[in-house]
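[1] Kindly return the folded structure for what I paste below:
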Amino acid sequence: MKELWELFVAFLIPGVVGYGGGPASIPLVEHEVVKNYEFMTTTEFGEVLALANALPGPIATKMAGYIGYEVAGALGSTVALLATIVPSLLAMILLLGLLTKYKDSPKVKRITAYVRPIIAVLMGFLTFQFFDSSVESAGWVQTIVLVGVSLFLLEKLKIHPAWVVAGSLIYGAVFLS
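    Numbers count the residues shown, from 1 in each chain. This is a model prediction of the structure:
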C-alpha cells in the first residue's frame, strides 16, 4: 500500500506542476522516481526514457505505466497512469472556458514564451546528468562514440530519433553488457 501511495505522489507532482507537457515533466519525474523515492537509478531512468522516446504516444504516460509496473505490478501501473493523467484532465475540464476565452491573449503568449527557456534549461540539466552517468558506467570512449554517431545520424543523415535510440539500445546491449 505504501508503494502505491508513493507511486501516486511521485507521478501526481509532475502531473500538477509540469507545465509544458511530457518533455517539461521529465526532469520532475526523474527527481521523484530517482532521488525522492529511489524506485530506480539514473541509468535505469535513462533507459526507460530512451525506450519511451522510441515508442509512439505521450512520453509521460509511457514512463508512468512502465515505472508503475516495475514498482508494483499492474495496480502500480494503473495508479501511476491515473496520477499522471487526472491532473491535466481535471484542469482541462475546469479551465476549458478560460482557455477558449484567452487563447489569443498576449499575456498568455508571453507566459508561454517565459516558460520555454526554463524547460530548455531543465532538459539540458537532465542531458548532462545522463552524460555523466554514461561516462561513469560505459567510459569516455563509448560515450563519445555514441554521442558522435547519434549526432551525425540525427543532424547530417536526418534519421528519425526513434531509429537512433533503437540503434543505441542495440549497441549498448551488444557491446556494453
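[2] which other helices and strands contact the longest helix along the chain?
    Secondary structure of the chain per DSSP state H: the longest helix is helix 59-102. Here helix 59-102 touches helix 2-17, helix 22-30, helix 42-54, going by 3 or more CB pairs under 8 Å, 6 or more residues apart in numbering; DSSP states H and E. Quick note: C-beta positions are derived from backbone N, CA and C, even for glycine.
[3] hey, which of the ones you listed is tucked in deepest?
    helix 22-30 (a mean of 22; mean count of other CB atoms under 10 Å).
[4] what's near enough to touch the most centrally placed residue in the chain?
    Centroid check for the chain by CA atoms, centre = their mean gives residue 26 as the closest residue, at 3.2 Å. Under the criterion of CB atoms under 8 Å, 6 or more residues apart in numbering, the contact list for residue 26 reads 49, 59-60, 63, 122-123, 126.
[5] Of these, keep whichever come out buried.
    Buried subset of the contacts of residue 26 (neighbour count, 16 or more other CB atoms under 10 Å): 49, 59-60, 63, 122, 126.
[6] Residue 94 versus residue 45, what's the distance?
    If you measure residue 45 against residue 94 using CB to CB, to the nearest Å, the figure is 32 Å.
[7] re the thing from before, nearest to residue 75, out of the helices and strands packed on helix 59-102?
    Closest approach to residue 75 among these (CB to CB): helix 2-17, 6.6 Å.
[8] next one: that closest one to chain centre, how far?
    15 Å (CA atoms, centre = their mean, to the nearest Å).
[9] what does that helix rub up against?
    Identification of contacts with helix 2-17 by CB under 8 Å, 6+ apart yields 25, 28-29, 32-33, 36-37, 39, 60, 64, 67-68, 71-72, 75-76, 79-88.
[10] measure the residue in the chain sticking out farthest from the centre to residue 113 for me?
    When distances to the mean C-alpha position of the chain are computed (CA atoms, centre = their mean), the maximum falls on residue 101, with 30.8 Å. Applying CB to CB, the value for residue 101 to residue 113 is 20 Å.
[11] export the contacts of residue 26 to a markdown table and tack on pLDDT and distance to residue 17?
    As requested, those are exported to a markdown table (pLDDT from 0 to 100; distance: CB to CB, whole Å):
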| residue | pLDDT | distance to residue 17 |
| --- | --- | --- |
| 49 | 89 | 19 |
| 59 | 86 | 17 |
| 60 | 87 | 13 |
| 63 | 92 | 16 |
| 122 | 84 | 12 |
| 123 | 85 | 16 |
| 126 | 84 | 16 |
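[12] any chance of the helices and strands packed on helix 59-102 in TSV, plus distance to residue 106?
    Compiled in TSV, those are given as follows (distance: least, CB to CB, whole Å):
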stretch	distance to residue 106
helix 2-17	24
helix 22-30	22
helix 42-54	34
